[in-house]
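In: Structure of the sequence below:
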Amino acid sequence: MEMRILLVEDNAKFRQVFMHALRLALAAEQLDVTFVESGSMSEARARLQEGSLDAALIDVTLPDGNGLDLVREINDGVTERIPTLVLTAGLDHSVAVRAVEAGAQGAQSKALSMPETVEAVMRLTGYEEG
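Out: Residues are numbered from 1 along each chain as shown. The predicted structure follows:
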């Protein structure tokens, strides 16, 4: 099963660590990650319009807006409807609640161990090892 993910994240170090962790968990041919390296909401919208994604991981703090607004657009049908996970530097209960209220399937702290983040992505996409 190929996993097609959109990662809206402007932090290059996090992107690099995240990709390394995913590649350890999955066969390389099973992984297709599209990056919105700038973290731009307009670029993210364009990538979402292209479709064919299994999930989106969206940083809550974007250079030109709030990732929760992008999650709302996904769930309002403005873009392709896909499962979303909100990423944040510091997760507290209020961020998690706001993420779910916006329509995300959950929120994940980037400060947690990368294996926990990868597990959250695998649950989000329904990926099963095998």
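
In: So the residue most central in space within the chain, which state does it fall into?
Out: Among the residues of the chain, the one closest to the centroid is residue 57, at 0.5 Å (Cα atoms, centre = their mean). Following DSSP: H, G, I helix; E, B strand; the rest coil, residue 57 is assigned to strand.

In: Check what pLDDT it gets.
Out: pLDDT recorded at residue 57 is 92.

In: And the strands in the protein?
Out: Listed in chain order, the strands found in the chain under DSSP state E are 3-8, 31-36, 55-59, 61-62, 65-66, 84-88, 106-109.

In: The last one: how far from the chain's middle?
Out: Shown here is strand 106-109, whose average C-alpha point lies 9 Å from the average C-alpha point of the whole chain (Cα atoms, centre = their mean, to the nearest Å).

In: Show me the helices in the chain, by range?
Out: 12-25, 41-50, 67-75, 93-102, 114-125 (DSSP state H).

In: Redo these as a markdown table? Include distance to residue 3 and mean neighbour count.
Out: Where you see a C-beta, it was placed from the backbone N, CA and C, and this is true even at glycine. Converted to a markdown table, those look like this (distance: least, Cβ to Cβ, whole Å; neighbours: other Cβ atoms under 10 Å):
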| stretch | distance to residue 3 | mean neighbour count |
| --- | --- | --- |
| helix 12-25 | 8 | 15 |
| helix 41-50 | 16 | 17 |
| helix 67-75 | 18 | 21 |
| helix 93-102 | 21 | 15 |
| helix 114-125 | 5 | 18 |
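
In: rewinding a little: out of the strands of the chain, which gets nearest to residue 97?
Out: With distances scored as Cβ to Cβ, the stretch of the strands of the chain nearest to residue 97 is strand 106-109 (8.7 Å).

In: what lines up beside that closest one in the sheet?
Out: Within its sheet, strand 106-109 is paired with strand 84-88 (parallel), according to DSSP bridges.

In: what comes up buried for the strand it pairs with?
Out: Buried residues in strand 84-88, counted by 16 or more other Cβ atoms under 10 Å: 84, 85, 86, 87, 88.
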